[in-house]
Structure formats: C-alpha cells, structure tokens
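In: The following block contains a protein sequence and its predicted model.
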Amino acid sequence: MIDRLVIERLYHLETTVRINEALSKHTTFGIGGRVPLYVKPLTLRTLPEIVSLLKEDDQECKILGIGSNVLADDGPLPFCLLDMTDLNGFSQEAKGIVTDAGCPLRKLSRVFCDHGWSGLEFAAGIPGTIGGAIMMNAGAYGSQIGDLVREVETFDWDSGRYRVYSQQECGFSYRNSRFSQTGELITRVWLKTVAGEVDKIGERMKDYECRRFDKQPLEYGSAGSVFKKPTEDFHVGKAIESLGLKGYRIGGARVSHRHCGFIINEGSATSADVRALIDLIRERINRTFGIELELEVCLWSQ
Ligand SMILES: Cc1cc2nc3c(=O)[nH]c(=O)nc-3n(C[C@H](O)[C@H](O)[C@H](O)COP(=O)(O)OP(=O)(O)OC[C@H]3O[C@@H](n4cnc5c(N)ncnc54)[C@H](O)[C@@H]3O)c2cc1C
C-alpha cells in the first residue's frame, strides 16, 4: 500500500504518475501484471526526490527501460516501476557523447552513423535504452556496448549520491556488468567516439538490420534471445532445434520457427506459459548436452 501523501508529492514533481499500472503495456513481450505505482520522471533533476520519496515509504522499485529484456509475472506485482524512457537526451562533449540513460540505442546508433563515428553499428536493431544495455552489456555481431563506454554515472538509492565509474570499474563481461549485481540506477553514460566512414558505417548498420529482419520473429512480442550462450561455440538456437522443439507451443507462448533462441508471444501468452517453455528447454538441454542454460532475460517475480 502506497502512502497517499507520497503519491500527492510525486504528482507535484515533473513526472508522470500512474496507479495500478499494467506492466504488460511496458514490455516488448506484452506480458506482466499490475504494479501499485508507476513513475516516469521527465527530467533528471527530479530523480533524487523521487527516489527519496519511494525510499521513505519503503517501496521496492524496479528500473525500467523499454522492457525489452524483462519477463514479469502475471499477477499483482509487489514493486513500483521507475520508467527512464523520458530521460532520453544526449549531447556532444570533449570526451565524446554523453547520453541520458533512457536514450534508445537505435537513436544513438543513428547519431553515431550521421557523425561518422564507428562502433555502435551493432546496436542499430536492438530495441532497448542505453541504461538497459549497459546493465547487461548488450551486444551483437561480435561487439558489445561496454567496449564503447568511457564512464557511467549512477544514482545510489541508499546514500542518495551520484557516482561515476570508469569503464574498468563497470566490470563488463559477456552479458554482464557490475550493475547487474548491484542494481544501481544508471543515470548517464559517456561513450567514446571513434572516427570512421559514414558510408561504411551505414552499410554495416543496414546489413545487421537486414540480418535481424530475416532471422528474428520481429512481428511478435518477445524479449530477444532468452538464454545466454554458454560457450563461444555452443549455438543455443540450433541446439533447441536439434531437440525437436522448433515451433513447440505452451499456451500462447511458442519457440520461434525463425529463431529457436526466441520465445514469442502469439497474443495471449502468460508469464507462466513462457516460464513453462523455459523450464522445458533448460531441462532438455541439460539432459542432452549436460549444459545448464543461464537466462539472458530478467525475471521479475511476485
Ligand atoms: C527483438 C529483440 C532483439 C534483441 N536483440 C538483442 C541483441 O542483439 N543483443 C542484446 O544484447 N540484447 C538484445 N535484446 C534484448 C534487449 O533489447 C537488450 O537487453 C536491451 O539492452 C534492454 O534494454 P531495455 O531498455 O529494454 O531494458 P529493460 O528490458 O527495460 O530492463 C532490463 C534490465 O535492465 C535494468 N535497467 C534498465 N534501465 C536501467 C537503468 N537506467 N539503470 C539500471 N538498470 C536498468 C532493468 O531493471 C532490468 O533489470 C533484444 C530484444 C528484442 C525484443
């Protein structure tokens, strides 16, 4: 139960506030139960006050980008949501580009291309924010966002202070960073700019986007690849296919025909359907290959 005074005070800040909001509206899976409170700050300035109000009221809070890597439970959820997507500005500084955490990767990728900066081509088709990408060190086609990072600024819930981490301190590794462990709120990111040729950068982006269009079930709700690659040479999608699970369906959730590493929502999938498919795949992969698949997608449970 949220204190009415807290809600009233939030309404007076530069922020969008909604009560009893369906998370399904904010995830690319189109899945997720209701949260008691949804807060979307319009400016970075208001963040410290929002965080302190939620903390005062002892509210657990999850940070949300565009929800493209989240699978949340179906029932009422016991946490508030802090949606970062209105904090989406960026500017150029001597050190490179500084961007707010809610800036879409696709927008940044386009800006890099227009300026002739290479390195962010891989992100052209990844449907997330820079904050979400930093959290799990998003990557594709042999590149990852951590390689481009100069510094990351976070806001610490407990001390109420900002902190800046160098690239090394961010602890990036395959689909992982220090922030996946600490749950810190990423507020801004400084990215390196490396000169390249506009035409070549544009060609690479187009190539990557076409490959996604061909191989990924983009017409359905999903959260991208469900599982992390356990090793460099183990192809999860092909392994799932080899088990005869291509197109396998539970309720409204299906292993994609086009890319077996994706689970898609055919329209009516519940979180329970997707989780049942995940459990089945993990069990069969473990039994056949002796491999414990780790999830790439973040589970938000009741
Ligand atoms: C069709 C499709 C294709 C995809 N392809 C790829 C791919 O090629 N490579 C890849 O790596 N991923 C891919 N993804 C997954 C996803 O797009 C990325 O992981 C993306 O970076 C997630 O960003 P987001 O803003 O949607 O984060 P969300 O899904 O909103 O959040 C994911 C996690 O990050 C946390 N988080 C979000 N913002 C912040 C913040 N500001 N501070 C702290 N924590 C934060 C959340 O709390 C949550 O734990 C794909 C997804 C889809 C649907």
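Out: Yes, it's here. In this text, all values refer to a predicted model and were calculated from it rather than measured experimentally.

In: Do I have it right that Tyr208 meets Gly142?
Out: No: under the criterion of Cβ atoms under 8 Å, Tyr208 lies out of contact with Gly142, with a separation of 10.8 Å. (C-beta placed from N, C-alpha, C; glycine too.)

In: quick one: which of these two has more around it?
Out: Just comparing Tyr208 and Gly142: by other Cβ atoms under 10 Å the higher neighbour count belongs to Tyr208, 20 against 6.

In: any idea how far Asp57 is from Lys107?
Out: Between Asp57 and Lys107 the computed distance is 34 Å (Cβ to Cβ, to the nearest Å).

In: if I look at the residue of the stretch 51-200 of the chain found nearest the ligand, how far off is Ile134?
Out: For the stretch 51-200 of the chain, the residue positioned closest to the ligand under Cβ to the nearest ligand atom is Gly65, at a distance of 1.9 Å. Per Cβ to Cβ, Gly65 is found 10 Å from Ile134.

In: what touches both of those two?
Out: Listed as contacting both Gly65 and Ile134 by Cβ atoms under 8 Å, 6 or more residues apart in numbering are Ala101.

In: what sits against the residue of the stretch 51-200 of the chain closest to the ligand?
Out: Met84, Thr85, Ala101, Gly102, Gly128, Thr129, Gly131, Gly132.

In: Isn't Ala272 up against Asp74?
Out: Yes: contact criterion Cβ under 8 Å: Ala272 and Asp74 qualify, at 6.2 Å.

In: And the two? Which one has more around it.
Out: For Ala272 and Asp74, the more surrounded residue by other Cβ under 10 Å is Asp74, and the numbers stand at 19 against 15.

In: And the pLDDT at that one?
Out: What the model reports for Asp74 is a pLDDT of 95.

In: And it, which helix or strand is it part of?
Out: Applying DSSP states H and E as the criterion places Asp74 outside every helix and strand.

In: Report the contact partners of it.
Out: Ile31, Gly32, Gly33, Thr270, Ser271, Ala272.

In: Now which of the residues you listed would you call buried?
Out: Ile31, Gly32, Gly33, Thr270, Ser271 (16 or more other Cβ atoms under 10 Å).

In: What pLDDT is listed against the residue lying farthest from the centre of the chain?
Out: Taking Cα atoms, centre = their mean as the measure, the residue most remote from the mean C-alpha position of the chain is Leu5, 31.5 Å away. In the predicted model, Leu5 carries a pLDDT score of 89.

In: again with the one 10 residues further on
Out: The per-residue pLDDT reported for Thr15 equals 93.

In: For Arg34, see how far away it is.
Out: 19 Å.

In: Next: Ala133.
Out: Ala133 is 27 Å from Arg34, by Cβ to Cβ.

In: who's more crowded, the two?
Out: Set side by side, Ala133 and Arg34 give different neighbour counts by other Cβ under 10 Å, the larger being at Ala133 (28 against 15).

In: give me the element the more buried one is part of.
Out: Element membership of Ala133, judged by DSSP H and E, is helix 130-136.

In: now for that helix, which elements pack on it?
Out: Under the contact definition 3 or more Cβ pairs under 8 Å, 6 or more residues apart in numbering; DSSP states H and E, helix 130-136 sits against helix 105-115, helix 178-182, strand 185-191.

In: which of these sits most buried?
Out: strand 185-191 (a mean of 23; mean count of other Cβ atoms under 10 Å).

In: how much does that one deviate in direction from helix 105-115?
Out: Counting by axes from the mean of the first three to the mean of the last three Cα atoms, to 10 degrees, strand 185-191 points 20 degrees away from the direction of helix 105-115.

In: distance between strand 185-191 and the chain's centre?
Out: The chain centre lies 14 Å from the centre of strand 185-191; the measure is Cα atoms, centre = their mean, to the nearest Å.
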